[in-house]
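**Student:** got a predicted structure here, sequence first:
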Amino acid sequence: NAGVTQTPKFQVLKTGQSMTLQCAQDMNHNSMYWYRQDPGMGLRLIYYSASEGTTDKGEVPNGYNVSRLNKREFSLRLESAAPSQTSVYFCASSVLGDEKLFFGSGTQLSVL
Amino acid sequence: GENVEQHPSTLSVQEGDSAVIKCTYSDSASNYFPWYKQELGKRPQLIIDIRSNVGEKKDQRIAVTLNKTAKHFSLHITETQPEDSAVYFCAASYGGSQGNLIFGKGTKLSVKP
């Protein structure tokens, strides 16, 4: 039982490049989330998917898109990376109606 | 917009002492208040949570108190140990939507042996 798995763990991009961060959970959770963590800023919600087939914007959605591929997988895409998107990205999941979040191990992204 | 303020940003205590971290929130509809612990380079992990119909909750050496009237809640750690050293985040639900959390900016707790 791996929980929430994120790939890659580290990534370096040049400004303007695109990439997709992958997230999968094996806990049969309905809801999935993408957060970013910046020094001194806590965790901020980018996008979430309350259930398969739905996605909604969080606090800081600009510059990102998401896809809820199926119940297990929720990907985050940066179409044209900017230095301001340098951050640690965490995927999380929860049971629908239960706010307890289970986080993945994070992706450290640097945009040069 | 919704906001969660967390204080202090850093806290240093001697092993065996107590530590208290305080948070205030702005959304009067918030009804769920979790605390997460994040060790260096690791993922955040839930350590305790409280719902709006409860004033206090304890789990061994940690406790959380909630004052809905004043819109603030606190984490209390007693008999601190070096392994309690980490960054602690409070959070509050918002928008009436399950699972949507606004996080505080974190408190770095250092426990000195």
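**Tutor:** Received the coordinates, thanks. Residues are numbered from 1 along each chain as shown, chains lettered A, B, ... in the order given.
**Student:** how close does B:Ser26 sit to chain A?
**Tutor:** According to C-beta to the nearest C-beta, to the nearest Å, B:Ser26 stands 13 Å off from chain A. No exception for glycine: its C-beta is placed from N, CA and C like everyone else's.
**Student:** and A:Arg44, what element?
**Tutor:** If you go by DSSP states H and E, A:Arg44 is part of strand A:42-49.
**Student:** parallel or antiparallel, list what pairs with the very next helix or strand once past that strand.
**Tutor:** Sequence-wise, the next helix or strand downstream of strand A:42-49 (DSSP H and E) is strand A:56-57. For strand A:56-57, the paired strands and their directions (DSSP bridges) are strand A:42-49 (antiparallel).
**Student:** identify the residues contacting the strand it pairs with?
**Tutor:** Residues from elsewhere that reach strand A:42-49 (C-beta atoms under 8 Å, 6 or more residues apart in numbering or on different chains): A:31-38, A:55-61, A:64, A:66, A:68, A:74, A:76, A:89-90, B:4, B:6, B:44, B:89, B:91, B:99-106.
**Student:** recalculate using a threshold of 6 Å.
**Tutor:** Residues outside strand A:42-49 that contact it (C-beta atoms under 6 Å, 6 or more residues apart in numbering or on different chains) are A:32-37, A:55-56, A:58-61, A:64, A:66, A:68, A:74, B:89, B:103-106.
**Student:** go on, stretch B:71-90?
**Tutor:** For stretch B:71-90, contacts defined as C-beta under 6 Å, 6+ apart pick out A:42, B:6, B:13, B:16-25, B:33, B:35-39, B:61-66, B:103-104, B:106-111, B:113.
**Student:** quick check on these: which are buried?
**Tutor:** A:42, B:6, B:13, B:19-25, B:33, B:35-38, B:62-66, B:103-104, B:106-107, B:109, B:111 (16 or more other C-beta atoms under 10 Å in any protein chain shown).
**Student:** and B:Asn67, how many neighbours?
**Tutor:** For B:Asn67, the neighbour count with other C-beta atoms under 10 Å in any protein chain shown is 11.
**Student:** partner strands of the lowest-mean-pLDDT helix or strand in chain B, parallel or antiparallel?
**Tutor:** Of the helices and strands making up chain B, the lowest-confidence element is strand B:101-103, at a mean of 91, by mean pLDDT, DSSP states H and E. Sheet partners assigned to strand B:101-103 using DSSP bridges are listed as strand B:86-93 (antiparallel).
**Student:** for the strand it pairs with, what does the pLDDT average out to?
**Tutor:** Mean pLDDT, strand B:86-93: 95.
**Student:** what comes up buried for it?
**Tutor:** For strand B:86-93, the neighbour count (16+ other C-beta under 10 Å) marks B:Ala86, B:Val87, B:Tyr88, B:Phe89, B:Cys90, B:Ala91, B:Ala92, B:Ser93 as buried.
**Student:** now swap in stretch B:36-50 and tell me
**Tutor:** B:Tyr36, B:Lys37, B:Gln38, B:Arg43, B:Pro44, B:Ile47, B:Ile48, B:Asp49, B:Ile50.
**Student:** what do you get for stretch A:84-91?
**Tutor:** Quick answer for stretch A:84-91 (16+ other C-beta under 10 Å): A:Gln85, A:Thr86, A:Ser87, A:Val88, A:Tyr89, A:Phe90, A:Cys91.
**Student:** wait, which of the buried residues of stretch B:36-50 is closest to A:Gln17?
**Tutor:** Proximity of the buried residues of stretch B:36-50 to A:Gln17 (C-beta to C-beta) peaks at B:Arg43, which lies at 25.9 Å.
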